[in-house]
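*Asks:* No letters, just coordinates:
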């Protein structure tokens, strides 16, 4: 493999990893607090629409990116109210969020743009300054300029979440709420407040993941732009044993597999492209089958606290 192909592999892996990482981190913080969140797919879809629409109308991709985080938090608040306040079944509530996120996004796209696809929106800039990307032109490393600044932000969030969870008193409260909420309650700490905070943060991060797809990869929104990435992020969270660093490594693995699929399709070969495209999903199923029983989920995850 040439250096050019290695650079392509690196850039492609990071591109496919970034949205998964945002969503998986969202799943981690929600479930560590004791609230199951399987609505990541719907939140990512709604975030992708919001980012593309706001970026298109404002001309500012940063505004679109952060608007997607707010939209994700707004959508997941419905799940928070149902799961925490009304103690509804969290699996059913999360499934409803998936349908709501996809349905509202398609409806608003047709309302605002009179078509099923939004117009081209401004993209987030490269993580490298212009004076550096200028030197990438016509070199083996020219594809490095396509690495988005949001990719750097995703990995920063891994460190921040790790630091908060394992190095601060707030993190201790979150972990304790997901393991022994009654003990937290006896110390005078509000279990619902901790869980609300974590669920809203989860929606924000998943919204960022959707935004990355629509304003860093495709520069537009369509109903199939997320295409199962929320569910792959859930698998990565489980594969990573509900930890930020574990989720990061899992997302890198899934991103690497997806990019290998793309490279194999370009090269051509005996394996049909339609079969190659199933590789990330096969890997997801294998991860769930082989590791879900070995991963210790938070003891109070998915259990309403009374």
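*Replies:* Okay, I see it. Here the structure is a predicted model, which means the values were calculated and not measured.
*Asks:* Residue 298: how many residues sit nearby?
*Replies:* Counted with other CB atoms under 10 Å, the neighbours of residue 298 add up to 22. Glycine gets a C-beta too; all of them are placed from N, C-alpha and C.
*Asks:* Skipping adjacent residues, who's closest to it in space?
*Replies:* Excluding the flanking residues, the one nearest residue 298 by CB to CB, 6 or more residues apart in numbering is residue 178, at 3.6 Å.
*Asks:* who touches the helix or strand encompassing the one you found?
*Replies:* If you go by DSSP states H and E, residue 178 is part of helix 169-179. The contact list for helix 169-179 (CB atoms under 8 Å, 6 or more residues apart in numbering) reads 29, 31-34, 163-165, 183-184, 189, 191, 194-195, 198, 298-301.
*Asks:* so of these, which ones are in helices?
*Replies:* 29, 31-32, 163-165, 183-184, 191, 194-195, 198 (DSSP state H).
*Asks:* are any of those residues buried, and which?
*Replies:* 29, 31-32, 164-165, 184, 191, 194-195, 198 (16 or more other CB atoms under 10 Å).
*Asks:* Quickly check the residues you listed for the two that are furthest apart.
*Replies:* 164 and 191 (18.0 Å; CB to CB).
*Asks:* before we move on, the earlier item: the residue nearest to residue 298: neighbouring residues, count only.
*Replies:* Count around residue 178 with other CB under 10 Å applied: 27.
*Asks:* picking that back up, of the ones in helices among the contacts of helix 169-179, closest to residue 4?
*Replies:* When the ones in helices among the contacts of helix 169-179 are ranked by distance to residue 4 (CB to CB), residue 163 comes first, at 36.8 Å.
*Asks:* And for the closest residue to the closest one other than its chain neighbours, the neighbour number?
*Replies:* With sequence-adjacent residues excluded and distances taken as CB to CB, 6+ apart, residue 163 is closest to residue 171, at 7.9 Å. Counted with other CB under 10 Å, residues neighbouring residue 171 total 17.
*Asks:* From residue 180, how far off is the residue of the chain positioned farthest from its centre?
*Replies:* Distance from the C-alpha centroid of the chain peaks at residue 186, with 34.1 Å (CA atoms, centre = their mean). Separation of residue 186 from residue 180 (CB to CB, to the nearest Å): 10 Å.
*Asks:* same check, this time on residue 221
*Replies:* Counting by CB to CB, the separation of residue 221 from residue 180 is 42 Å.
*Asks:* Just the pLDDT at the residue nearest to residue 163, thanks.
*Replies:* We have a pLDDT of 97 for residue 171.
*Asks:* Surely residue 37 is in contact with residue 198?
*Replies:* No - judged on CB atoms under 8 Å, residue 37 makes no contact with residue 198 at a distance of 9.3 Å.
*Asks:* quick one: common contacting residues for the two?
*Replies:* In contact with both residue 37 and residue 198: residue 30, using CB under 8 Å, 6+ apart.
*Asks:* Point out where the protein drops to low pLDDT.
*Replies:* Judged by pLDDT under 70, the chain has its weakly predicted residues at 1, 131, 133, 135-136, 138-140, 266-271, 273, 276, 291-295.
*Asks:* ranges for the helices of it?
*Replies:* 3-32, 40-58, 61-80, 90-113, 130-136, 149-167, 169-179, 181-186, 191-212, 229-239, 244-267, 273-276, 279-291.
*Asks:* In the fourth one, which residues are buried?
*Replies:* Judged by neighbour count (16+ other CB under 10 Å), helix 90-113 contains these buried residues: 90, 93-98, 100-102, 104-106, 108-109, 113.
*Asks:* Check the second one too.
*Replies:* Within helix 40-58, the residues that count as buried by 16+ other CB under 10 Å are 40-56.
*Asks:* where's it relative to the chain centroid, distance-wise?
*Replies:* 13 Å (CA atoms, centre = their mean, to the nearest Å).
*Asks:* got the angle for it vs helix 191-212?
*Replies:* Between the axes of helix 40-58 and helix 191-212, defined by axes from the mean of the first three to the mean of the last three CA atoms, to 10 degrees, the angle is 60 degrees.
*Asks:* Check which helices and strands helix 40-58 is in contact with.
*Replies:* Here helix 40-58 touches helix 3-32, helix 61-80, helix 90-113, helix 191-212, helix 229-239, going by 3 or more CB pairs under 8 Å, 6 or more residues apart in numbering; DSSP states H and E.
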